[in-house]
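Undergrad: Sequence and predicted structure, then a few things I'm wondering about:
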Amino acid sequence: MTLRLARPEEHQQLEELQRRASLELPEYRDQLIANPGAIYLPEGQIANGQVIVAEVGGQIVGFAAVVGGELDGLFVEPDLWGQGIGRTLVDAATHEARRRGLALKVIASPRAKRFYESCGFTVEGDEQTRFGPALRMTK
């Protein structure tokens, strides 16, 4: 697996990956279908070097958006879940936040709690998102 910064011409491809991964989760599927604009990767994040891409064999398999000290997005191709890609991207995001002197924070769905805890995050409290309850976590 290779990690690198996203390129502007990959914007649409990354949003499509985000859509596939997001729609895989049944608890948010209906809300996301009803609100397609919620699946959005700001082009400025790519332009500002805030999006880390994971590639395997020249194919994009996941990405993480790190804005300041926040993991603003983490998406992996659904058929590749459980293979360590997300964890590798979290490690890269943690390194980037620490390089800036920041702790890494994330607003996570309750379903992702175990994954983020296994990556070293702790729950700091509850958060309300437009799609329901979430957890505020810090590493």
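TA: Perfect, thanks for sending it. Everything quoted here is computed from the prediction, not taken from an experiment.

Undergrad: Following element in sequence after the helix or strand of the chain with the lowest mean pLDDT, please.
TA: When each helix and strand of the chain is scored by mean pLDDT, DSSP states H and E, helix 26-34 comes last, with a mean of 86. Toward the C-terminus, helix 26-34 is succeeded by helix 43-47 as the next helix or strand (DSSP states H and E).

Undergrad: is the spatially most central residue of the chain in a bridge, and if so with what?
TA: Most central in the chain under Cα atoms, centre = their mean is L74, positioned 1.1 Å from the mean C-alpha point. Beta bridges link L74 to A64, judged by DSSP bridges.

Undergrad: check contacts around D126.
TA: For D126, the contact set (Cβ atoms under 8 Å, 6 or more residues apart in numbering) comprises P133, A134, L135, R136. Every C-beta, even on glycine, is put in place using the N, C-alpha and C of the backbone.

Undergrad: how about these in CSV, adding distance to Y116 and secondary structure?
TA: Shown next, in CSV, are those (distance: Cβ to Cβ, whole Å; DSSP: H, G, I helix; E, B strand; the rest coil):
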residue, distance to Y116, secondary structure
P133, 15, strand
A134, 11, strand
L135, 8, strand
R136, 11, strand
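
Undergrad: who wins for neighbours among the residues you listed?
TA: The member of the contacts of D126 surrounded by the most neighbours (other Cβ atoms under 10 Å) is L135, with 20 neighbours in all.

Undergrad: and it, what are its bridge partners?
TA: A108, D126.
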